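Enquirer: How does the following fold in three dimensions:
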Amino acid sequence: MSDKPEQNALLEVKHLQTSFIIDGELHHAISDINFEVKPKEVVCVVGESGCGKSVMSLSIMQLLPNLISKISDGEIIFQNQNLVDLTNKQMNKIRGKDISMIFQEPMTALNPVFTVGSQVQEILLNHTDMSKKEAKERSIELLRQVGISRPESIIDEYPHQLSGGMRQRVMIAIAIALHPKLLIADEPTTALDVTVQAQILELLRDIQETGDMAIMLITHDLGVVAEMADKVVVMYAGQVVETSDVVDLFENPKHPYTSALLKSIPRMEEDVETLNSIGGIVPSIQNMPEVGCRFADRCPMAFGDCKKVTPQLAEVSEGHTARCLLFDECYPAKTEETGEASV
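Expert: As a prediction, the model looks like this:
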């Protein structure tokens, strides 16, 4: 964890709720999302598949389809401006320039019928007054910056001609082309082999440190979190269930879901026949509990009121929050089996 001085938030998400229309009914994919990202900070958003991490990132970028989804509550404050209030035309001036995004799968994010060079040049031509020649030269520089060899020839190739790691580097080149203040990276190392994953993460860290850029990194890999994060946001079933700096989260997790995630990490020093896992599955958007804790059915520490009372995200120590009745002053932390107080 880096020792950064206190700063005003670059991005502040307040009570965000995004909903989808399914079979004529409105269902909340994420709700009551609260967190912030400060300048030059790396915030990792972690959770199982289906927890709402990607929906949250696409909500921030305003890239969800308008016909079937909408931000039904909350604010997304970026540089003191509420993005929810902006038109698509206004958002287009921010996307790529001030906030950029690396999408989960570069093969589908890159257009297969355009060359790599034309796709890197597009953002430069749209947001600057560069000539085509200048944009081409800058594109070559960017590809070289992200570690692509022979960029002069790569710019004339198509995405299918590149490896997965090279395609991801092209996506990063596009994302950093205009020196954004915030980079959102959605599972940037998915489907890449371990060596390439390490190279991509190292590249992101180098760009962040030299370019004064904040990163919101979405992942389900706690190894990536330990390597990259200053602060961690844990999501479950469309809600933030815990936030903390990375050291405190690994050493002193509060929410039972976070504890279960950490216990599921294989450890080299332990010789076990079976790995720890979390029983059950994340509830679907159409089966989300209306009241109570959404983790209650899978939680080993659940007690009577967990399915009756909806917990709020509350501060349990300085800079550390959790959404759990075990840490609510109104509900003593008791285990169902013994009735004794537990921490």
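
Enquirer: wait, isn't residue 99 in contact with residue 179?
Expert: No: the criterion here is CB atoms under 8 Å, and residue 99 misses it with residue 179 at 11.8 Å. Backbone N, C-alpha and C define where each C-beta goes, glycine included.

Enquirer: who has more neighbours, the two?
Expert: residue 99 (24 against 12; other CB atoms under 10 Å).

Enquirer: tell me, how many neighbours does the nearest residue to that one once chain neighbours are set aside end up with?
Expert: Excluding the flanking residues, the one nearest residue 99 by CB to CB, 6 or more residues apart in numbering is residue 182, at 4.8 Å. By other CB under 10 Å, the residues close to residue 182 number 22.

Enquirer: From residue 101, how far out is residue 182?
Expert: Distance of residue 182 to residue 101, given as CB to CB, to the nearest Å: 9 Å.

Enquirer: Spell out which residues are contacts of both of those two.
Expert: With CB atoms under 8 Å, 6 or more residues apart in numbering applied, the contact sets of residue 182 and residue 101 do not overlap.

Enquirer: Tell me where the stretch 51-200 of the chain has strands.
Expert: For the stretch 51-200 of the chain, the strands defined by DSSP state E, counting those that start in this stretch cover 69-78, 81-82, 99-102, 182-186.

Enquirer: Figure out which of those strands is closest to residue 54.
Expert: strand 182-186 (5.7 Å; CB to CB).

Enquirer: Would you mind checking the average pLDDT for that closest one?
Expert: Strand 182-186 comes out with an average pLDDT of 95.

Enquirer: Show me the contact partners of that strand.
Expert: Applying CB under 8 Å, 6+ apart, the set of residues contacting strand 182-186 is 10-11, 37, 53-54, 57, 60-61, 78, 98-104, 175-176, 204, 207-208, 213-218.

Enquirer: For the stretch 151-300 of the chain, which segments count as helices?
Expert: With helices called from DSSP state H, counting those that start in this stretch, the stretch 151-300 of the chain shows them at 151-154, 164-176, 194-211, 222-228, 246-251, 256-263.

Enquirer: If you count contacts, what does the fifth one end up packed against?
Expert: For helix 246-251, the contact count by 3 or more CB pairs under 8 Å, 6 or more residues apart in numbering; DSSP states H and E identifies helix 222-228, strand 231-236 as packing neighbours.

Enquirer: Which residues does the spatially most central residue of the chain form beta bridges with?
Expert: Closest residue to the average C-alpha location of the chain: residue 218 at 2.7 Å, with CA atoms, centre = their mean. Applying DSSP bridges to residue 218 gives these bridge partners: residue 45, residue 186.

Enquirer: So it sits against residue 54, correct?
Expert: Yes: assessed by CB under 8 Å, residue 218 is found in contact with residue 54 at 6.7 Å.

Enquirer: what's the span of stretch 150-167, first residue to last?
Expert: 14 Å (CA to CA, to the nearest Å).

Enquirer: Buried ones in stretch 214-226, by neighbour count?
Expert: The neighbour-count check on stretch 214-226 (16 or more other CB atoms under 10 Å) flags 214, 215, 216, 217, 218, 219, 220, 221, 222, 224, 225 as buried.

Enquirer: Mind putting the residues you listed into a markdown table with distance to residue 244 and pLDDT?
Expert: Listed next are those as a markdown table, based on distance: CB to CB, whole Å; pLDDT from 0 to 100:
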| residue | distance to residue 244 | pLDDT |
| --- | --- | --- |
| 214 | 18 | 96 |
| 215 | 17 | 96 |
| 216 | 16 | 97 |
| 217 | 15 | 96 |
| 218 | 17 | 95 |
| 219 | 16 | 92 |
| 220 | 17 | 88 |
| 221 | 18 | 88 |
| 222 | 13 | 90 |
| 224 | 16 | 90 |
| 225 | 11 | 94 |
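
Enquirer: Can you give the strand pairings for the host helix or strand of residue 16, parallel or anti for each?
Expert: Using DSSP states H and E, residue 16 maps to strand 11-22. Its sheet considered, strand 11-22 pairs with strand 25-37 (antiparallel), strand 69-78 (antiparallel) by DSSP bridges.

Enquirer: Any regions of the stretch 101-250 of the chain where pLDDT drops low?
Expert: The model of the stretch 101-250 of the chain has no residue with pLDDT under 70.

Enquirer: got any residues that touch both of residue 218 and residue 54?
Expert: Listed contacts common to residue 218 and residue 54 are 186, 187; contacts here mean CB under 8 Å, 6+ apart.

Enquirer: So for residue 339, what pLDDT did the model give?
Expert: For residue 339, the model assigns a pLDDT of 44.

Enquirer: ah, wrong one, I meant residue 318
Expert: Residue 318 is given a pLDDT of 92.

Enquirer: what's around it, how many residues?
Expert: Residues near residue 318, counting by other CB under 10 Å: 7.

Enquirer: cool, residue 38 as well?
Expert: 18.

Enquirer: repeat for residue 80
Expert: Counted with other CB under 10 Å, residue 80 comes out at 9.

Enquirer: Great, nothing more from me.
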